[in-house]
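**Student:** fold the following and give me the result.
(2 chains)
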Amino acid sequence: MIFNTYAFALFAAVFFPGYWLIHSPSLRAWWLLGGCAVFHGHFAGPAGVLPIAALALITYACALSRIRVLCYAAITACGVALVCFKYTHFLSGEILASVAPALSAQASALSVSWLPDAPPLALSFFTFEFVHYLMDVAGGGAPIRSPKTFALFAIYFPSLVAGPIKRYQDFTAALPRALTRLELTQVAAGAQRVALGFFKKILLADNLTVALGYYEKVFFNLSSPQAWLFLAALSTRILLDFSGYTDIALGLSQMLGLRLPENFNYPYAATGLRDFWARWHISLSSWIRDYIYIPLGGNRHGPLRRCSNLVIAFTLCGLWHGGAGHFMLWGLWHGVGLVVQATYRDALGSLGTRIGSGLDRFSVLSWLLTLVFVALGWLLFFYPVEHAWSMALKLISFR
Amino acid sequence: MSHAKLKALVFLVAIPLGFALAVWLGRDAARYAKPDKFVRFHPGIAPESLFYPPFSTLENLALARWSPGRTLVIIGGNSILNGVGQSDQNLWSRRLQEELGERYVVVNLSFRGALPCEAGALVAETLIKRGLPVILISSTAPATVGRVAGGTYGYLYYEAQAHNRLIHHPARDANLAAWEETATPSVREQQAELRRAAALDSWFHFQALWHHIGYRYGFTTWTQVTRNRFWRPRDTILDEGTDARPLGDRFREQLDAELAITRAFSAGLAESTGPLSWRAYTPQTGLTGELIDAMFPPAVRARTIMLLNQNALYYRSRLSPAERSRDDFVFATYEQVWRDRGVVCHSVGANFTDEDYADRTHLAPSGGRKLAQLLAEYIRQFSPP
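**Tutor:** Residues are numbered from 1 along each chain as shown, chains lettered A, B, ... in the order given. Have a look, this model is predicted:
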């Protein structure tokens, strides 16, 4: 995490007082942009900044032209960059290796020599925000004319590393007000949110990470209740880690006078998978709904198409989290889960109806079912497939 | 002003005030904080349990015991001098204090896995800079010097440097700069982050405050060492080091692996020039010499006794005559490398028995006693400038 580094502490110690002391909106915007550039430049390094700068330039120019073909071309460029930087190793090392090992070895060697070890910092977030912007402009939305405003939207530092994924309409609407009027209450509320985020992230999540790191090595020696406790800790850890980080991002932004979209809403209180995705990483799930699921046809072309759209959208959602087979399967797990949830009442006839009404009546049951489903899914998220499978078997066999 | 605004104002004003109070408390902790009844850095108060004692703590431990007219014997080095294989009561450095008597003050600042130039060596350096009578005792394997930065204990170097405690030694700065230049970007960033932490700490003293709170009032981080008592203050976590197991159980575990290590110990450091005749590989001796020059300022070298540790007799006796002769040659060669740099250096363990070792490298209480006697003699003979 970048926010708990000394480099960020030094940055914040200079940047925030400067931002608060500057009263001219224009100067404040330049100060903010300078801060964002310093932040991105420092944490991403030149090799991380250049591809993003190139993509941003293409995105800005193509959207400004308002020519749909150009917007789609820019979307393709973003997609290609994402696939090249983030998924080449996965595609050549895992997918291609299973069908053409020789070709896979060649492709892997080529990718090692051409690509950096790690993709540019926050490439996925940049890509999703650029794609959203380009698609909305291609669909008739007004582009951002000011290069300064676009640059701020692109590299706004609080949301740069791990979101939330912003919508440009909200951002550009809120920015002038933030630059003009900064309220004391906003700054205080933001600071409290930052403190809460650090508490969740460092004191709780990081502690759980250390403990889980130890217990995962002895997982197969744990008793059944201990193994389930491990799963509970794993699920708690990712929520605290990610929502803690989001709290920091939202708090920092609030300290600048700008509210970012909420990303979590008590996701483990969900009583169904659909409900879960309306509460978990909200900015990502709504992005997937708007820019993958609906363009694929959503639920407009019958149940079969709807199911396949769900599976495709969530498999891509899984892959977005990382270029590896287990991420893809995690997405598939949720996609299939959503399909089951959407269809079991009709598919199972009267039995399905009875199950459905039972779950509706006893919402504790549906909550528990959702929680277990989500928690088992985290095994796929964190571990290689075979290992996750063995862990799940141990859990569900209560051995 | 509305109630909400007033609340916000109070909260925002409280942040810098609270910070200032923490800095003031941290400053105080940096001056005085240290573990009670300190004998050694056992895992409960060492980085193994994510407790990174700040440099000020190490300094305080040495200074609190010293009084004019006495010579400080600072023990640096690794797990061998930390006394793995000896319980707190049978620790060799207690015996050394008994052997040396009142004229000397022995402070064991060794850590498991520390390099000879780290931790204790830096404290000795800072005390030498202050003009105190200091002798540094450290131990290592032949050809192992390492660097003060880059390892687990590298933070101590950056802290000492940021607090302006170290002797100006351009060779060390140049060596570290050259090393960093060839390091990966992530290592470089890690080192830069440690430097930033140390620089900020020299102003705000948060390390001293944080570790003082962790030691006296409660810790926040789960660790494998402290497990279900991780929140307890570290002054309640006792030294659980035990004496070596009974002789019959000591050496047979992982015999093949340990023998392989013993065989390889000197293999890369000398080449055969005839039956039982050896020549040292010059790149290694050269590099060791360069690192000694770079990591130990001349004033520290002149006050250091370096021990080169032999492997346990149990394993050495299983070496071929050629391997034994190569070992002897390498130890003698590297003793000379240290001596050529102005460091008093002795190999230890060559005449120790099986009983004296807890495992391949660590000493049992009887070995600790022998080491203490031997070292007391070296110290009494030692005449630093």
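**Student:** domain assignment for chain A?
**Tutor:** Here the domain parsing of chain A from automatic domain parsing is A:6-180, A:184-255, A:267-396.
**Student:** could those be laid out in a markdown table, adding distance to chain B?
**Tutor:** Glycine gets a C-beta too; all of them are placed from N, C-alpha and C. Below are those laid out as a markdown table (distance: least, C-beta to the nearest C-beta, whole Å):
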| stretch | distance to chain B |
| --- | --- |
| domain A:6-180 | 4 |
| domain A:184-255 | 3 |
| domain A:267-396 | 18 |
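**Student:** quick one: those as TSV, columns for mean pLDDT too.
**Tutor:** Formatted as TSV, these follow (pLDDT from 0 to 100):
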stretch	mean pLDDT
domain A:6-180	89
domain A:184-255	95
domain A:267-396	91
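**Student:** make a markdown table out of those and add mean neighbour count.
**Tutor:** Listed next are the domains of chain A as a markdown table, based on neighbours: other C-beta atoms under 10 Å in any protein chain shown:
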| stretch | mean neighbour count |
| --- | --- |
| domain A:6-180 | 17 |
| domain A:184-255 | 18 |
| domain A:267-396 | 17 |
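**Student:** which one of the ones you listed lies closest to B:A312?
**Tutor:** Of all the domains of chain A, domain A:184-255 sits nearest to B:A312, with 29.7 Å by C-beta to C-beta.
**Student:** okay, how far is it across that closest one, tip to tip?
**Tutor:** 9 Å (C-alpha to C-alpha, to the nearest Å).
**Student:** which among the domains of chain A is found nearest to B:T226?
**Tutor:** When the domains of chain A are compared by C-beta to C-beta, domain A:184-255 sits nearest B:T226, at 10.7 Å.
**Student:** grab the nearest non-local neighbour of B:E258.
**Tutor:** Of all residues not flanking B:E258 in the chain, B:R360 sits nearest, at 4.8 Å (C-beta to C-beta, 6 or more residues apart in numbering or on different chains).
**Student:** that neighbour and chain A, how far apart?
**Tutor:** B:R360 sits 25 Å away from chain A, going by C-beta to the nearest C-beta, to the nearest Å.
**Student:** just checking, A:T59 touches A:L134?
**Tutor:** Yes - checked against C-beta atoms under 8 Å, the pair A:T59 and A:L134 is within contact range at 6.0 Å.
**Student:** show me whatever sits in contact with both of these two.
**Tutor:** Taking C-beta atoms under 8 Å, 6 or more residues apart in numbering or on different chains as the criterion, A:T59 and A:L134 both touch A:A74, A:C78.
**Student:** that's a strand at the residue nearest to B:E258, yeah?
**Tutor:** No - if the criterion is DSSP: H, G, I helix; E, B strand; the rest coil, then B:R360 is coil and not within a strand.
**Student:** tell me the contacts of it?
**Tutor:** Taking C-beta under 8 Å, 6+ apart as the criterion, B:R360 is in contact with B:F251, B:E258, B:I261, B:T262, B:N311, B:A312, B:Y314, B:Y315.
**Student:** correct me, but B:R103 touches B:R70?
**Tutor:** Yes - counting by C-beta under 8 Å, B:R103 touches B:R70, with 6.0 Å between them.
**Student:** ok, the two, which is more surrounded?
**Tutor:** B:R70 (15 against 9; other C-beta atoms under 10 Å in any protein chain shown).
**Student:** for that one, give its distance to chain A.
**Tutor:** Using C-beta to the nearest C-beta, we find B:R70 at a distance of 39 Å from chain A.
**Student:** what's that residue sitting at in phi/psi?
**Tutor:** For B:R70, the backbone dihedrals (degrees, to the nearest 10) come out as phi -110, psi 150.
**Student:** B:I137 too?
**Tutor:** Torsion angles at B:I137 (phi, psi; degrees, to the nearest 10) stand at phi -110, psi 130.
**Student:** is it in a bridge, and if so with what?
**Tutor:** B:I75, B:I305 (DSSP bridges).
**Student:** biggest helix in the chain by residues?
**Tutor:** Since no chain was named, I'll use chain A. Looking across chain A with DSSP state H, the single longest helix is helix A:25-65.
**Student:** to clarify, I was referring to chain B.
**Tutor:** Max-length helix for chain B by DSSP H is helix B:3-32.
**Student:** the helix or strand just after it packs against which elements?
**Tutor:** Proceeding N to C from helix B:3-32, the next assigned helix or strand is helix B:55-65, under DSSP states H and E. Applying 3 or more C-beta pairs under 8 Å, 6 or more residues apart in numbering or on different chains; DSSP states H and E, one finds that helix B:55-65 contacts helix B:3-32, strand B:71-75, strand B:104-108, helix B:120-129, helix B:154-162, helix B:206-216.
**Student:** OK, contacts around the closest residue in space to B:R70 that isn't next to it in sequence?
**Tutor:** Using C-beta to C-beta, 6+ apart and skipping the chain neighbours, the partner closest in space to B:R70 is B:V105 (5.1 Å). By C-beta under 8 Å, 6+ apart, the residues touching B:V105 are B:R65, B:W66, B:S67, B:R70, B:T71, B:L72, B:V73, B:Q97.
**Student:** now render the residues you listed as TSV, adding pLDDT.
**Tutor:** Output for those, formatted as TSV (pLDDT from 0 to 100):
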residue	pLDDT
B:R65	91
B:W66	92
B:S67	91
B:R70	93
B:T71	94
B:L72	95
B:V73	96
B:Q97	96
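**Student:** just among the residues you listed, which is most surrounded?
**Tutor:** B:V73 (26 neighbours).
**Student:** tell me the contacts of that residue?
**Tutor:** B:L96, B:L100, B:Y104, B:V105, B:V106, B:V107, B:V134, B:I135, B:I137, B:I379.
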